[in-house]
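*Asks:* predicted model and sequence below, questions to follow.
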Amino acid sequence: MRTRTQLALIQSLQARRKATKNAFTLVELMIVVAVIGILSAVALPQYLQARNRASAGAAVGEAIGLAKECAVGQAAKLLATPRGQTCDGSAGQSFTATWSGDANGVRCLTATAGAGTTSFNVVASTTGALSCS
C-alpha cells in the first residue's frame, strides 16, 4: 500500500512538472514584447514614408493627366476636374497637385520633390508642352 501512495505522489509531481514546462516565463514574454517594439519602431516610419510617396505620386500623375487633357482637348472648354481646377484652353494653364506629408524623390517630369515639399505645379501650354515647378 505504501508503494501505491508513493507511485501516486510521483505521478502527481511529474504531471506538475509537465504543466510548468509548457508555459512561458515572464522574461521570455518581455523579450518578445521588446523585439516587437523595436521592429515596429523601425518599420512604421518606413511605411509612412512609402505611403506619403505613393500619395504624392498619385496626385502628381493626376495633375499631369489633367494637364495633358487640357492641352490636347481645347474644344472642351471649362472641363471640371475632381480637384476643382478648370481647363479653359488658354496658354499656360496651371494644375496643382497637393498631398499631406513630405515625399522625397517624387518626380514630376524633370522636377523632383525635396524634403518638406507638399505640392507640384504642372503647366500645360496650348502646344501641348508640359512643365513642372
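*Replies:* The structure has been received and is ready for your questions. All values derive from a computational prediction rather than experimental measurement.

*Asks:* in terms of helix, strand or coil, where does T127 fall?
*Replies:* What DSSP: H, G, I helix; E, B strand; the rest coil gives for T127 is coil.

*Asks:* what's the burial count for it?
*Replies:* 7 (other Cβ atoms under 10 Å). (Glycine included, C-beta is placed from N, CA and C.)

*Asks:* these two touch, right, C132 and T110?
*Replies:* Yes - counting by Cβ atoms under 8 Å, C132 does reach T110; the two are 6.9 Å apart.

*Asks:* those two: which is more packed in?
*Replies:* Each of C132 and T110 had its neighbours counted (other Cβ under 10 Å), and the higher figure belongs to C132 (20 against 8).

*Asks:* now do the same contact list for that one.
*Replies:* 60, 108-111, 120-123 (Cβ atoms under 8 Å, 6 or more residues apart in numbering).

*Asks:* list buried residues within those.
*Replies:* When neighbours are counted using 16 or more other Cβ atoms under 10 Å, the contacts of C132 contain these buried positions: 60, 108, 111, 120-123.

*Asks:* what's the local residue count around G101?
*Replies:* For G101, using other Cβ under 10 Å, the count is 13.

*Asks:* returning to what we had before: of the buried ones among the contacts of C132, which is the nearest to S40?
*Replies:* Sorting the buried ones among the contacts of C132 by how near they are to S40, with Cβ to Cβ, puts V60 at the top with 29.8 Å.

*Asks:* show me where the protein has its strands.
*Replies:* Taking DSSP state E as the test, the strands found in the chain are 93-98, 107-108, 111-112, 119-124, 130-132.

*Asks:* starting at the chain centroid, how far to the third one?
*Replies:* Taking Cα atoms, centre = their mean, to the nearest Å, the mean C-alpha location of strand 111-112 is offset from the chain mean by 20 Å.
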